[in-house]
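Undergrad: Quick one, fold the following:
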Amino acid sequence: MPPIAKKKPQPKASHRLSVSLTEEQHTELAEIAKKNKVSVAWVVREAIERLLRDEQPLFHVGHEP
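TA: Just a heads-up that it's a prediction; the model follows:
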């Protein structure tokens, strides 16, 4: 009997989101990103993750802080 082919793991689906920021918000995010040598998008995703973790801590058990 031939070996069963393993399925490649599917990448997680990502969703695009468009938001409008004030000039001050964008400037602050850009400064944070530059200081940490990451993109503004990364800073925004991290902020969202922290908000979700803080608002729904039981759903994030076992996830990295």
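Undergrad: first vs last residue of stretch 30-49, how far apart are they?
TA: Stretch 30-49 has an end-to-end distance of 18 Å (criterion: Cα to Cα, to the nearest Å).
Undergrad: Next: stretch 30-48.
TA: Using Cα to Cα, the two ends of stretch 30-48 sit 16 Å apart.
Undergrad: residues of that stretch that come out buried?
TA: Within stretch 30-48, the residues scored as buried using 16 or more other Cβ atoms under 10 Å are Ile32, Ala33, Val43, Val44. (Glycine included, C-beta is placed from N, CA and C.)
Undergrad: doesn't Leu29 make contact with the last one?
TA: Yes - shown here, Val44 and Leu29 form a contact pair, counting by Cβ atoms under 8 Å, at 6.7 Å.
Undergrad: Give me the residues contacting stretch 32-48.
TA: Applying Cβ atoms under 8 Å, 6 or more residues apart in numbering, the external contacts of stretch 32-48 come out as His26, Leu29, Ala30.
Undergrad: tally of neighbours for the second one?
TA: Residue crowding around Leu29 was assessed by other Cβ atoms under 10 Å; the count is 17.
Undergrad: Quick check: next helix or strand after the helix or strand that it is a member of?
TA: Element membership for Leu29 (DSSP states H and E) is helix 23-36. Sequence-wise, the next helix or strand downstream of helix 23-36 (DSSP H and E) is helix 40-55.
Undergrad: Helix 23-36 and that next one, what's the angle between them?
TA: Angle of helix 40-55 versus helix 23-36, following axes from the mean of the first three to the mean of the last three Cα atoms, to 10 degrees, is 100 degrees.
Undergrad: No further questions, thank you.
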